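[1] The following block contains a protein sequence and its predicted model.
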Amino acid sequence: MSNFTIRPIHSDDDAAMAAIIRSVMPEFGAIGSGFAIADPEVDWMQRAYAQPRHAYFVLEQDGRVLGGAGIAPLTGGDASICELRKMYFLPAARGIGAGTAMMARCLAAAREAGFRQCYLETLNGMDAAMRLYERSGFQRIAGPLGATGHGGCNVFYARTL
């Protein structure tokens, strides 16, 4: 496992995370409306996740942000459910245990915020991500929950916290 740090996002991380999200999503065909790439929140992540019951973390290695992930209340859903949001890593951060560590940090934050369930949406073809979700206790569910606005996603997971 490589040496990396997971820490809360700072406002000076916003540009790095926006660039990461906008470079990673096209790798998996996630372009256009209905995906985070078109979400204006991508440009001001720290402010968006500074709200109550929100948290966003970045993965840093040697002073460089390589990815991030966060949790927030599920839009249009039950108040006891959070959504795992915007989990993206540059290729340099893949396969080094960063996803597992980030998932643990996000789920701990969700529990601390009082959520009882975590939900996420993804795409067919994001096979490594789906393996991580399943190893982390998520189970596929038949369809979407809430009103996330992620119209391009076609695979849905949830897990009890």
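    All right, it came through fine.

[2] buried set for the helix or strand where A108 lies?
    Assigned by DSSP states H and E, A108 belongs to helix 98-112. Of all the residues in helix 98-112, those buried under the rule 16 or more other CB atoms under 10 Å are 98-99, 101-103, 105-107, 109-110. Where C-beta positions appear, they are placed from N, C-alpha and C, glycine not excepted.

[3] How far away from the center of its chain is that helix?
    Its chain's C-alpha centre and that of helix 98-112 lie 10 Å apart, by CA atoms, centre = their mean, to the nearest Å.

[4] what about G63, how many neighbours?
    6 (other CB atoms under 10 Å).

[5] if I look at it, how far off is A16?
    11 Å (CB to CB, to the nearest Å).

[6] if we can go back for a sec, same for whatever helix or strand comes next after the helix holding A108, what does it pack against?
    For helix 98-112, the succeeding helix or strand toward the C-terminus, using DSSP H and E, is strand 117-122. Helices and strands touching strand 117-122, by 3 or more CB pairs under 8 Å, 6 or more residues apart in numbering; DSSP states H and E, are strand 81-89, helix 98-112, helix 127-135, strand 155-160.

[7] Turn these into a markdown table, including distance to L59 and mean pLDDT.
    A markdown table is the format used below for these (distance: least, CB to CB, whole Å; pLDDT from 0 to 100):
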| stretch | distance to L59 | mean pLDDT |
| --- | --- | --- |
| strand 81-89 | 7 | 94 |
| helix 98-112 | 5 | 97 |
| helix 127-135 | 13 | 92 |
| strand 155-160 | 21 | 96 |
